[in-house]
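>>> Have a look; sequence and predicted model below, questions after that.
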Amino acid sequence: MKEQLEKIYSDAASDIEKAVTVKDLEDIKFKYLGRKGEFNEIKKKLKDLSDEDKRIIGSRANEITKQLESAISEKFQIFYEQELNKKLEKERIDITLPGQYIPRGSVHPLTSTTNEIVAIFQNLGFSVAPNEESPEVETEYFNFDMLNVPKDHPARDMQDTFYTNIAKNVVLRSQTSGAQVHVMENQKPPIRIIAPGRVYRNENINSRKNNFFHQIEGLYVDKNITFGDLKGVLNEFIRLYFGAVRPTRFRSSFFPFTEPSAEVDVQCIMCEGKGCRTCSGTGWLEILGAGMVDPNVLRGVGIDPDVYSGFAFGMGIERLAMLKYAIDDIRLFFNNDLRFLEQFKK
Ligand code: PHE
């Protein structure tokens, strides 16, 4: 029986020696040390031996069991670490690799120009009218009727308006001036607002004209507002926007909703008044329309023109951006060409 024991021991030891995977070790453990393994078979027979042999063989069996267990677990530990290392190596992440490149966008030049103009007027005490008082889809009532442009009056054709098929009187606004009416219907003077937004006109598209563009409307209504206030505010705006005092010219003009009316020119940025292609040789560039709010407009919204007066202006944002950044084609704003847009990255 002793030889049998030693034989199993040396078989097991050589099996352990030959094992190459965790699985092999598990099989060996099962074969020799399991409940129905070879050692247990022998231990079962111990009871038939003499007390003396029981002690000697029993203790040897225990010794061998312990040795096999520790040999298996030692090797198990080695295999386990090897397999773990293999797995880690396979799943290894190189944290020094550069991250994924996410291209950074930039603010559209019309947006940044609008923000800049809005900030200037906010510093002068104007606030931005709420969006719902400046909708792009308007009724003729706001775009024309209340702005002193009667039905069938030729002034309605001053701007080629897009009519919609929503209803006969619903238009894409041709100017932001409708915001004046919305605001005055909702607020009592003193009123000091600006309203930036998109407008639409049925124009033939070329380098100077697009069938939609952007304006900023301004309105100031209070007691004792004069044309002098209008000139002061606009000259200050021009100084702040162009970064220097620039010669300006208030040219007498006509708008149905202002009286008197003016168009305001700044001296040409490109040629400083000498005359060039940009200013068609005149030395001046028109940037906005303005005037004193017509008494008929005030009356229409229930403001007494004998008590209150006001001025209004509307400027083209594209025009102002083109002048500041020497852009010679309005279509560049709308082509989404990154080569153009990326030049405005801050
Ligand atoms: N709405 C006019 C235009 O689009 C500009 C303007 C606004 C003129 C306010 C006077 C007062 O041409």
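Arrived safely.

>>> In the strand or helix carrying residue 63, which residues are buried?
Following DSSP states H and E, one finds residue 63 within helix 51-90. Using 16 or more other C-beta atoms under 10 Å as the test for burial, helix 51-90 gives 57, 61, 64-65, 68, 71-72, 75-76, 79. Placement of C-beta: from N, CA and C, glycine included.

>>> roughly how far apart are the residue lying closest to residue 270 once chain neighbours are set aside and residue 215?
Leaving aside its chain neighbours, residue 270 sits nearest to residue 278 (4.5 Å; criterion: C-beta to C-beta, 6 or more residues apart in numbering). Here the criterion is C-beta to C-beta, to the nearest Å. By it, residue 278 lies 21 Å from residue 215.

>>> ok so, going back, need the per-residue pLDDT for the residue nearest to residue 270.
On pLDDT, residue 278 comes in at 76.

>>> The stretch 1-150 of the chain: strands as residue ranges?
Here the stretch 1-150 of the chain has its strands, by DSSP state E, counting those that start in this stretch, at 127-128, 137-139.

>>> among those, which is the most enclosed?
strand 137-139 (a mean of 19; mean count of other C-beta atoms under 10 Å).

>>> does the ligand sit close to it?
No - residues of strand 137-139 are not located near the ligand by C-beta under 6 Å from any ligand atom, the shortest gap being 12.6 Å.

>>> Averaged pLDDT, that strand. What do you get?
Per-residue pLDDT over strand 137-139 has a mean of 95.

>>> can you check stretch 322-330 too?
pLDDT averaged over stretch 322-330 gives 88.

>>> ok, now stretch 53-70?
The predicted model assigns stretch 53-70 a mean pLDDT of 86.

>>> Next, the contact list for the residue of the stretch 101-250 of the chain found nearest the ligand, please.
Relative to the ligand, the nearest point of the stretch 101-250 of the chain is residue 175 (3.6 Å; C-beta to the nearest ligand atom). Applying C-beta atoms under 8 Å, 6 or more residues apart in numbering to residue 175 gives the contacts 143, 159, 199, 215, 217, 314.

>>> Next one, pLDDT for the first one please.
Residue-level confidence at residue 143 comes out at 95, pLDDT.

>>> now do the last one
Predicted confidence (pLDDT) for residue 314: 98.

>>> quick one: which of residue 278 and residue 215 has more around it?
Counted by other C-beta atoms under 10 Å, residue 278 and residue 215 do not tie: residue 215 has more neighbours, with 26 against 16.

>>> Hmm, the more buried one is touching residue 315, no?
Yes - taking contacts as C-beta atoms under 8 Å, residue 215 lies within contact range of residue 315: 6.4 Å.

>>> rewinding a little: let's test this: what are the backbone torsions at the residue nearest to residue 270?
phi -60, psi -40 (degrees, to the nearest 10).

>>> what sits against it?
268-271, 285, 328.

>>> Let me have those in CSV, extended by neighbour count.
Output for the contacts of residue 278, formatted as CSV (neighbours: other C-beta atoms under 10 Å):
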residue, neighbour count
268, 23
269, 18
270, 16
271, 15
285, 20
328, 11
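
>>> and of those residues, the nearest to residue 232?
residue 285 (20.8 Å; C-beta to C-beta).

>>> Now for whichever residue of the stretch 151-300 of the chain sits closest to the ligand, how many residues are close by?
Closest to the ligand within the stretch 151-300 of the chain is residue 289: 3.2 Å, counting by C-beta to the nearest ligand atom. For residue 289, the neighbour count with other C-beta under 10 Å is 21.

>>> In contact with it, which residues?
For residue 289, the contacting residues are 253, 255, 258, 261-264, 313-315, by C-beta under 8 Å, 6+ apart.

>>> can you tell me the helix or strand for it?
Using DSSP H and E, residue 289 sits in strand 284-293.

>>> Quick check: next helix or strand after that strand?
helix 295-300.

>>> Does at least one residue of the first helix or strand past that next one going along the chain sit close to the ligand?
Proceeding N to C from helix 295-300, the next assigned helix or strand is strand 309-316, under DSSP H and E. Yes - applying C-beta under 6 Å from any ligand atom, one finds strand 309-316 touching the ligand at 312-314.

>>> Now, the contacts of residue 289 that are in strands?
Here DSSP state E is the test, and the contacts of residue 289 give 253, 255, 258, 261-264, 313-315 as lying in strands.
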